[in-house]
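Trainee: below: sequence and its predicted model.
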2 protein chains.
Amino acid sequence: MVSEVFRVVPIGVVESVNELARVRIFPEFCDGLYRLNEFSHAIILYWFHKRDSQEERRVLRVVPKRHLAKQEVGVFASRSPSRPNPIGLCAVRLVKVEDCILIVEGLDALEGSPVVDVKPYLPRADFVPDVMVPDWTSHGRPA
Amino acid sequence: MVSEVFRVVPIGVVESVNELARVRIFPEFCDGLYRLNEFSHAIILYWFHKRDSQEERRVLRVVPKRHLAKQEVGVFASRSPSRPNPIGLCAVRLVKVEDCILIVEGLDALEGSPVVDVKPYLPRADFVPDVMVPDWTSHGRPA
């Protein structure tokens, strides 16, 4: 199992990132967006393409930059882009879904990031109340 | 960009699924779990290994089985395991993190599913209030 490798293909790309981000889904995958416009939010999986190197994938501990307390933690206890599989995850608000373009709010990706999946945000599954996180996850700057 | 392919390596495996699920992280990635035990919840990304075929990856519309209303929707408007990149996503409660083993509640994966990433559930990013979903996402059986 360890030696098995899975293939991920880009289904789209983050075209611009400002207050809102613009995601273009490639024409061959565009039909998969059918009825996504009925949801207010989605989860976007993207690729940390700037961190996809053997070296960055070997990183298992990091000191998260955005946190107030500078403490070393495991990559699986962080959202660091340096990790064995450089998959990014963001819950976003769907501002507009039109043809193959998504306009979204809250996408913490770089311009040019490949998009690898889009899933509807389902409160039943994704909205978890009473979550506890350690103090060191507090942001040193506005979230 | 369309022709580029990214590599995903399994970092662990879902060993058993009952009321609680048992996830084993492989020894070479285990150090990445450092301080995950300080979080109450995590997001687990896993591989829909039973759906990783050219045919299943070509599916762009589905009729979600678990929903009350049988309606066709795009795969990106559903959590269907048949999708261009068969990546599964579950928010889980961390019951126990010990050495390389996670005991979790709420993992909707099959026994034997490869695990490809673990991220802490951060309310600041993942807990989205005021989400709207269409009526057809209602479950026909208890969620």
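Mentor: Okay, I see it.

Trainee: where does pLDDT dip in chain A?
Mentor: Residues of chain A meeting the criterion pLDDT under 70: A:1-3, A:140-143.

Trainee: make it 80
Mentor: Low-confidence segments of chain A, defined by pLDDT under 80: A:1-3, A:66-69, A:138-143.

Trainee: name whatever forms a beta bridge with the residue most central in space within it.
Mentor: Geometric centre of chain A, nearest residue: residue A:89, 2.2 Å, by C-alpha atoms, centre = their mean. Beta-bridge pairing for residue A:89 (DSSP bridges): residue A:45.

Trainee: tell me if I'm right that it and residue A:43 touch.
Mentor: Yes: counting by C-beta atoms under 8 Å, residue A:43 is a contact partner of residue A:89 at 6.4 Å. Backbone N, C-alpha and C define where each C-beta goes, glycine included.

Trainee: now list whatever residues contact both of those two.
Mentor: Common contacts of residue A:89 and residue A:43 (C-beta atoms under 8 Å, 6 or more residues apart in numbering or on different chains): residue B:89.

Trainee: can you count the residues close to residue A:17?
Mentor: By the criterion of other C-beta atoms under 10 Å in any protein chain shown, residue A:17 has 17 neighbours.

Trainee: which non-adjacent residue is nearest it?
Mentor: residue A:111 (5.2 Å; C-beta to C-beta, 6 or more residues apart in numbering or on different chains).

Trainee: before we move on, what about residue A:105?
Mentor: Leaving aside its chain neighbours, residue A:105 sits nearest to residue A:93 (4.2 Å; criterion: C-beta to C-beta, 6+ apart).

Trainee: do a quick rundown of the helices in chain A.
Mentor: A:54-57, A:123-126 (DSSP state H).

Trainee: what comes up buried for the last one?
Mentor: Translated: helix A:123-126. Using 16 or more other C-beta atoms under 10 Å in any protein chain shown as the test for burial, helix A:123-126 gives A:123, A:125-126.
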